[in-house]
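Novice: pasting a predicted model and its sequence here:
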Amino acid sequence: MIGQCQHQSGYCVLVENQPSRNFSFVYWAQPWSLVLFKQVWQSIREQWLGTIFIVPGVAIAVSTLSGFGVLQGMEWLAIDQVMRLRPREPVDERITIITVDESDIRFAQQWPMSDQLMAQMIYNLAAHEPRVIGIDIYRDISVAPGREALTRAFRENPNVIGIEKVAGNPIPPTPVLDELGQISASDILLDQDGKVRRAFLMINGHQGFGARLADIYLEQEEPVPEVAVLNKEQSIYQVGRAIFRPLKKGHRGYIDARTEFGGYQMLLNYRGGMESFNSLSFQEVIENQIPAELVRDRIIIVGATAPSLNDAFVTPYSSHFLPSLMQTPGVSIHSTLASQIISATLDGRPLLRPVNTCGFYLLIAAWASIGAIATKLLATVIPSVFRSLLVTSSGTFLLLGLSFGGSLQGLVIPVFTPWLSLVVATVLTTNSESQKQLKNINCKLAIANEKLADYSRNLEQEVVDRTQELSTTLKDLQTTQTSLVQAEKMAALGQMVAGIAHEINNPINYIAGNVRHARDYVYELLGIIDLFRTTHPDQEMEVYLKELDLEYLSSDFYKLLDSIAKGAERVEDIVQSLRTFSHLDEAELKQIDLTKDLESVLLVVDRRINSRQDKIKITVEQDLQDLPLVQCYAAKINQVLLNLFDNAIDAIEEKMLLDQTLEGKILIETQALNEQEIAIRIIDNGIGISEELIPKIFDPFFTTKTVGKGTGLGLAIAHSVIVKQHHGSVSCRMTDDGKTEFSIILPIVHRLYHGRMVSV
């Protein structure tokens, strides 16, 4: 007997189930822990070995690509998208930007502006007592007129800070401000994709422009925020509520090995663009149209915003497709750095920091594990295409949610590299599971071929056995028939003839049904073999099929089935309409499609009506609703229904004797009352039953028919079958229009308690 299919080195091996007679000896001969370990290891090796190799392999491959910087561009794009999803923050009231746009250049009538205008701007702003004035305009050469006025303005206002460019092509500072020590570095740091995501706090010994402005602002706070050195070697400091950590090469989630690491760098936590700060135009300042509340006690930063001056940069808030249309002026970038230092120090606003190398690799490994394990667990539940889509989309949403939540807390969590490991692990695991399922299909096909050969060898013997069973059944029926009481035998002679015919039909149905199924099975199995030969050609299989002579075997097998079917059909045609009334399965409780049984009963009823000598005209109408499968003794229910139809026919015949014009009608209805019960109703327009006789009709030997036409046992048997054996109910009533209605209510499911059947 074929028991199971095992994989050994990729081949399918058919083995027999052998009883484990020495189980106790094997179990007790080894420590229980060793037995358990072997069982667990065997399960892991068979089910999870591929997954165990996929997860580290994917994690190492993705980490390697990231280490070479191949994935950094996509990682930046993903992080930028997460940053843009954050809610916009309110305007920073501590900073006001003095913009110089195209209209201001026309107002100044030259660029660079004259020393006279710059001095006037400084005096007008200083009159409103700002904490610091930062001038984000290179001024290494004097522009007449007004050189002395500008020099005097610089010396009289120690809170004015100028700029110089330190790295690359240096641009020297304003000589007077350099002499006074009021200079800072304005260098802006670009990533390899040209976007500004980082800023210098210190570069080549010079303090960054935004950091210098924030430093001067905080020095005037009361109390002044305390500064503490948390780790001097790693340059980690705490100022007020903020902890400053420099970017390092270990932050692989954000930067790769090719990124420059000069100076003290930190990530920019953008509030947005220019709209994140209050602003005044250069012309308004010169004309002294300055709202005091926008200048007093604030940081004032003067910078160019005119497109013609080309002092604008691409940031994470710029468009991916047309970045030049959404560039951010340099003055806004310096303002962002000053704003985030002050807000972090005083308000505790998070400073952005990327995950370190360990966290980065853990993320990659975690999402590779999620993809592989989830795909493996869902392998037997969801088809491969939908499974991959479900795992990938769920993991993506989880990763985006984690990255978004981290960004709100100041942690920059990588998105693309973990997502790539998720997708690759999911695809590889899906492919691995598909290969495993293909091997299982090959094993099942081999088992099916073996079963087909078995079936072919045994079918002829089964036909002989079924024929012998038929002969035995006929003899048993004849013996049973002779043992009946003579009076009941005469009254039910017609019923017994139909019963005998049905008993013949039942085993014949086995033969005919099995022949039809065998034909279908052979056709499907041969189709599977042909499909497998087409899609998976194999030389060894072709040689085997040629030796087997599959073509002759299939052709001759069909002829064999045809000869068996013809012999069965000769008997089946005689009793086709009586096949549902066999009493061989009376002791078998099974689920049946009651609608199909009713249709068989109606065929028998139709033949009985047409076989009457007087050819009475009776119309049988149907109102059969969809019913669930009903658990019952099928043959007994069929016999009850046939008895009720016989009573209806007899009642119509009696009424026709009184009314020759009567058109007999029998209506059969079915209905699902609820989830536990169904109803069957048989309604006829026959002679009817008086109200005083209705309570007695289910008593044994009670009948309203003429002498010799009935025994009075039909309805009593029906009552016993429905009520006692099926725990249902059967009732009779006269309708308002004079028709007789028999109603049967059956429970859908039964259970056995202590050997007794009860309804549920």
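Specialist: Okay, I see it. Residues are numbered from 1 along each chain as shown.
Novice: check what pLDDT residue 734 gets.
Specialist: pLDDT recorded at residue 734 is 92.
Novice: nope, residue 521 is what I was after
Specialist: On the pLDDT scale, residue 521 gets 78.
Novice: what of the one 4 residues further on?
Specialist: Note for residue 525: predicted pLDDT of 80.
Novice: OK, contacts around it?
Specialist: 448-449, 452 (CB atoms under 8 Å, 6 or more residues apart in numbering). Yep, even glycine has a C-beta here, placed from its N, CA and C like the rest.
Novice: hmm, 7 Å instead?
Specialist: Residues in contact with residue 525, defined by CB atoms under 7 Å, 6 or more residues apart in numbering, are 448, 452.
Novice: just residue 387 next, same as before
Specialist: Contacts of residue 387 (CB under 7 Å, 6+ apart): 375, 378, 430.
Novice: which of those residues ranks first by neighbour count?
Specialist: Highest neighbour count within those, by other CB atoms under 10 Å: residue 375, with 28 neighbours.
Novice: where does that residue land in three-state SS?
Specialist: With DSSP: H, G, I helix; E, B strand; the rest coil as the basis, residue 375 sits in helix.
Novice: quick check: of the contacts of residue 387, which lies closest to residue 735?
Specialist: Of all the contacts of residue 387, residue 378 has the smallest distance to residue 735: 57.6 Å, by CB to CB.
Novice: excluding chain neighbours, what is closest to the closest one?
Specialist: Nearest residue to residue 378, sequence neighbours excluded (CB to CB, 6 or more residues apart in numbering): residue 387, at 4.9 Å.
Novice: the one you found in helix, strand or coil?
Specialist: On the basis of three-state DSSP, residue 387 is classed as helix.
Novice: how much space separates it from residue 366?
Specialist: 20 Å (CB to CB, to the nearest Å).
Novice: repeat that for residue 568.
Specialist: Taking CB to CB as the measure, residue 568 falls 65 Å from residue 366.
Novice: comparing these two, which shows the higher neighbour count?
Specialist: Using other CB under 10 Å as the criterion, residue 568 and residue 366 rank with residue 568 on top: 23 against 18.
Novice: name the element that one belongs to?
Specialist: Using DSSP states H and E, residue 568 falls within helix 550-574.
Novice: report all helices and strands that that helix contacts.
Specialist: Helices and strands touching helix 550-574, as assessed by 3 or more CB pairs under 7 Å, 6 or more residues apart in numbering; DSSP states H and E, comprise helix 493-535.
Novice: for the helix or strand harbouring residue 152, packing partners?
Specialist: Assigned by DSSP H and E, residue 152 belongs to helix 147-156. If you count contacts as 3+ CB pairs under 7 Å, 6+ apart, helix 147-156 packs onto helix 115-126, helix 175-180.
Novice: how about it: buried residues?
Specialist: Using 16 or more other CB atoms under 10 Å as the test for burial, helix 147-156 gives 149-151, 153-154.
Novice: now swap in stretch 693-700 and tell me
Specialist: For stretch 693-700, by 16+ other CB under 10 Å, it's 697-698.
Novice: same deal with stretch 451-464?
Specialist: Counting neighbours by 16+ other CB under 10 Å, one finds that the buried residues in stretch 451-464 are 452, 455-456, 459, 463.
Novice: for those residues, give me CSV that also has pLDDT, distance to residue 111 and secondary structure.
Specialist: Output for these, formatted as CSV (pLDDT from 0 to 100; distance: CB to CB, whole Å; DSSP: H, G, I helix; E, B strand; the rest coil):
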residue, pLDDT, distance to residue 111, secondary structure
452, 81, 93, helix
455, 80, 97, helix
456, 74, 99, helix
459, 79, 102, helix
463, 78, 108, helix
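Novice: between those residues, which is nearest residue 729?
Specialist: Checking the buried residues of stretch 451-464 against residue 729 by CB to CB gives residue 463 as the nearest, at 43.9 Å.
Novice: my read is that that closest one contacts residue 511, right?
Specialist: Yes. Residue 463 is within contact range of residue 511, at 6.4 Å (criterion: CB atoms under 7 Å).
Novice: identify the contacts common to the two.
Specialist: With CB under 7 Å, 6+ apart, residue 463 and residue 511 have common neighbours residue 564.
Novice: number of nearby residues for the closest residue to residue 630 other than its chain neighbours?
Specialist: Using CB to CB, 6+ apart and skipping the chain neighbours, the partner closest in space to residue 630 is residue 594 (4.9 Å). Residue 594: 23 surrounding residues under other CB under 10 Å.
Novice: do the same with residue 551
Specialist: Neighbours of residue 551 (other CB under 10 Å): 11.
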